[in-house]
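*Asks:* Attaching a predicted model along with its sequence, questions to come.
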Amino acid sequence: MKIHFQQALRALILLAFCGLIFQLHYTGDITKYINPKYVRLSQSASILFLFLFFIQITRIWTSTKEEVDHEHHHGEDCCHHDDHNCSHHHDHGDTPFTGKKLLSYSIILFPLLTGFLLPAKTLDASIAEKKGGLAILGNQKKEVNTSAGSEQSDFDLEDYSFEEELEEAEELEHDLSVNEEVEEISNEEFEQLKKDLYSSPAIKMDDKVFSLYYEEIGKDIDKFIGREIEFQGFIYKEEGLASNQLVISRFLITHCVADASMIGFLSEMEEAPKLYDNMWVKVSGVIDKAVYNGTELPLIKIKDWKEIEEPFIPYLYPLTIKIL
Amino acid sequence: MNRVFRSHIIDITGIILIAILVYLISFSSGLGVSFDIPPSLLNLNVIFISILIEALPFVLIGVLIAGFIQIFITEDHIKRWIPKNRTAAVVMSCVAGALFPACECGIVPIIRRLMSKGVPVYAAIGFMLTGPLINPIVIASTYMAFGNDFEIAGLRMGLGFLIAIIVAFSVSIFFKSGQLKKTLHLPHSSENNRSFLDRIWSMLTHSIDEFFDMAKYLIIGALLASIVQVYMPAKTFLQNADNPVVSLLIMMGFAYILSLCSEADAFIGASFSSIFPKSSVLGFLIFGPMIDFKNTIMMLSVFRMKFVLGVLALTASVVFFTLLLVQNFI
């Protein structure tokens, strides 16, 4: 019997990836990383890692007889690792441990360490600035804010013939207490929501409709001037704004926080100098219009505001409309 | 006796590894926030991990398919499709690449074996360009990354295919055969009649090896992409984003340096879509899978330096000019 420490290390890494994803789902922190619509996909990744771990542990111990067999095989399949002459020159984890390998294992261990050690943080005003801040709000081309999802919005894994793992994934899903699926709405509901925007006495921007209403208001500001509006968001101040101005913004996550785009309203209030970056507020006010860098923007004259706690799910997700 | 002993020892090893991991996790949560980390680093970490979490399911599917191909599909299956006629061969190789789900990390060894068995160099290049770009996983991930919108995914495949055909044709005109670094002697793979279960097993172990080969490139790519997001102000880009030529060059340069796996780069491409025009994002999505930094290094192990640089320049310019031409229509 012979033990292969590299194979053991690989098994540990596979298990750690499984553990990392599982932990994020278990604590609900996963919503700080990805749109909840895609949780199933990452859960199946976790299951797959576990599955590969069980395959991998069988490679840790080899009997001496098998070892000879294995070598023989390699000769046949032309796997001369060093002169790169073989059909596939992966590293099978059998070759001696070198400095180069140490480097590549450290690279793979790096996200595991930071993933476990560092807390999940909500994107803040500094990212808003890096994303271009107000310039983005003004420049923003019409974005695809409503994504059309068919019945099976998660990727159809069955095509790749691992039904077994998929079944396991489904079983486990019931146990995992991740917040409920993002609801899909029908086309009628969608039209109804749009109608409400025009007819209701005050525009209430809750998380579900924020991106939709934001887009609608941006399309034709003049129609909305003078309307009452209520919403919440975090404070973001930018250089060049008047002392009574600030931006109350949110991040819209299409898929994962890497694709976060900032949406928000330029707002005017007397107490603005007292408010600081990243402070969450709930405000109500009246819609007006402003011009920034040559583009028209909605401007909210704040009448009333109060400080609130950061919501458990701070991000917005695009509405998903059922086609079928 | 020995067998029983071995299965026990495997069980025990598994349990020990799980115990080590649980210990490390509980240790880490106790350690938690005891030291101060600047918020920008935490932002960086969140973006970095989120890219990985999004990409991993696709990478896993990719390595499983790669493992499958390694074990179940022989080169003869593909070679049979390549006709003698040059034009037909170029088109067929691109189609074969489109049907063959590979990743750019895995495609170089495959074309090396194909060429050693007599596949002409232009056909191999056509195959290499479409293989990683056009396949079900890339289509699915692009579709999802761009908010379940088929437009970008469709353009990526369509334009990519066109570009691959142009490049492969140009290679057939400009380069003679015999671009291989040295004569490769590859014995034919002896598909010994192993049992089906055995082959499934080696497919899975191959997949694991493939995962470890690819994970490091993915991790470096995700890290660089998140550093760009957190530390590089978009304003410097925005000033250039108006200029279609410069922004296209910036995005193609990104795609080359980041060397992302084609199964996952759609998510990173999508993150730039609020800053850059559509044609530049397409440049990122099409050029990246065809040729990138790590792929160039790998090609140097097969081809002569001059040929590799030639193909690189050719591909880059075809992608660049095609996108400049079509950007008014998309």
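*Replies:* Noted; the coordinates are in hand.

*Asks:* Assumed B:Ser93 was part of a helix.
*Replies:* Yes: assessed with DSSP: H, G, I helix; E, B strand; the rest coil, B:Ser93 lies in a helix.

*Asks:* Verify the contact between it and B:Val171 for me.
*Replies:* No: look at B:Ser93 against B:Val171 with CB atoms under 8 Å: they stay out of range, at 10.6 Å. C-beta here means a position set from N, CA and C on the backbone, and glycine is covered the same way.

*Asks:* neighbour-wise, which of those two wins?
*Replies:* Between B:Ser93 and B:Val171, counted using other CB atoms under 10 Å in any protein chain shown, B:Ser93 has the larger neighbour count: 31 against 24.

*Asks:* can you list residues touching both of B:Ser93 and B:Val171?
*Replies:* With contacts defined as CB atoms under 8 Å, 6 or more residues apart in numbering or on different chains, the residues adjacent to both B:Ser93 and B:Val171 are B:Tyr122, B:Ile125.

*Asks:* which is the next helix or strand following the helix or strand bottoming out on mean pLDDT in chain B?
*Replies:* Lowest mean confidence among the helices and strands of chain B (mean pLDDT, DSSP states H and E): helix B:234-241, at a mean of 63. From helix B:234-241 onward toward the C-terminus, using DSSP states H and E, the following helix or strand is helix B:244-258.

*Asks:* Do any residues in that next one lie close to chain A?
*Replies:* No: Helix B:244-258 is not in contact with chain A by CB under 8 Å from any CB of the partner chain; minimum separation 12.5 Å.

*Asks:* contacts for that helix?
*Replies:* Contacts of helix B:244-258 (CB under 8 Å, 6+ apart): B:221, B:224-225, B:228, B:237, B:240-241, B:265, B:268, B:272, B:276-277, B:279-281, B:283-285, B:287-288, B:291-293, B:316, B:319-320, B:323-324, B:327.

*Asks:* Where is the longest helix in chain B?
*Replies:* The longest helix of chain B (DSSP state H) is helix B:196-231.

*Asks:* for stretch B:155-172, which positions count as buried?
*Replies:* B:155-157, B:159-161, B:163-172 (16 or more other CB atoms under 10 Å in any protein chain shown).

*Asks:* Report the contact partners of residue 60.
*Replies:* Picking chain A for this. If you count contacts by CB under 8 Å, 6+ apart, A:Ile60 has them with A:Ile3, A:His4, A:Gln7, A:Ala8, A:Ala11, B:Ile10, B:Thr13.

*Asks:* Correction: the question concerned chain B.
*Replies:* By CB under 8 Å, 6+ apart, the neighbours of B:Leu60 are A:Ala45, A:Leu48, A:Phe49, A:Leu52, B:Phe211.

*Asks:* can you tell me if the helix or strand in which A:Ile21 is found touches chain B.
*Replies:* Following DSSP H and E, one finds A:Ile21 within helix A:5-27. Yes: residues of helix A:5-27 contacting chain B under CB under 8 Å from any CB: A:8, A:10-17, A:19, A:21, A:23-24.

*Asks:* still on that earlier bit, between the contacts of A:Ile60, which is nearest B:Asn45?
*Replies:* Nearest to B:Asn45 among the contacts of A:Ile60 is A:Ala11, at 25.4 Å by CB to CB.

*Asks:* residues near that closest one, how many?
*Replies:* A:Ala11, neighbours per other CB under 10 Å, totals 26.

*Asks:* what residue ranges in the stretch 101-250 of chain A score low on pLDDT?
*Replies:* Applying pLDDT under 70 to the stretch 101-250 of chain A flags the ranges A:132-184.

*Asks:* just to revisit the earlier point, and the contacts of helix B:244-258, which of them are buried?
*Replies:* Buried subset of the contacts of helix B:244-258 (neighbour count, 16+ other CB under 10 Å): B:221, B:224-225, B:228, B:237, B:240-241, B:265, B:268, B:272, B:276-277, B:279-281, B:283-285, B:287-288, B:291-292, B:316, B:319-320, B:323, B:327.

*Asks:* So which of those residues belong to strands?
*Replies:* If you go by DSSP state E, these have nothing in strands.

*Asks:* excluding its backbone neighbours, what's nearest A:Asp29?
*Replies:* A:Ala120 (4.4 Å; CB to CB, 6 or more residues apart in numbering or on different chains).

*Asks:* for that neighbour, what are its contacts?
*Replies:* A:Leu24, A:Asp29, A:Lys32, A:Tyr33, B:Val46.

*Asks:* Where does it sit: helix, strand or coil?
*Replies:* For A:Ala120, the assignment made with three-state DSSP gives coil.

*Asks:* Tell me, what's the model's pLDDT at residue 298?
*Replies:* Defaulting to chain A. We have a pLDDT of 87 for A:Pro298.

*Asks:* my bad, chain B
*Replies:* Predicted confidence (pLDDT) at B:Met298: the value is 68.

*Asks:* And the host helix or strand of B:Ile15, what's buried?
*Replies:* Using DSSP H and E, B:Ile15 falls within helix B:2-31. Residues B:Arg6, B:Ile10, B:Thr13, B:Gly14, B:Leu17, B:Ile18, B:Leu21, B:Leu24 are the ones in helix B:2-31 that count as buried (16+ other CB under 10 Å).

*Asks:* Which pLDDT does the model give the second one?
*Replies:* For B:Ile10, the pLDDT comes out at 76.

*Asks:* State the distance from it to A:Phe54.
*Replies:* Plainly put, B:Ile10 is 9 Å away from A:Phe54 if you go by CB to CB, to the nearest Å.

*Asks:* of the contacts of B:Leu60, closest to A:Lys101?
*Replies:* B:Phe211 (15.2 Å).

*Asks:* Against chain A, how distant is the closest one?
*Replies:* Applying CB to the nearest CB, to the nearest Å, the value for B:Phe211 to chain A is 7 Å.

*Asks:* is it true that that residue touches B:Ile61?
*Replies:* No: B:Phe211 lies out of contact with B:Ile61 (CB under 8 Å); the separation is 11.0 Å.

*Asks:* Can you report how many residues lie near B:Val63?
*Replies:* Neighbours of B:Val63 (other CB under 10 Å): 28.

*Asks:* and the gap between it and B:Ile291?
*Replies:* 21 Å.

*Asks:* follow-up on the earlier one: let me know the angle separating the longest helix of chain B from helix B:244-258.
*Replies:* With axes from the mean of the first three to the mean of the last three CA atoms, to 10 degrees defining the directions, helix B:196-231 sits at 130 degrees from helix B:244-258.

*Asks:* Now helix B:196-231: buried residues?
*Replies:* B:199, B:203-226, B:228-230.
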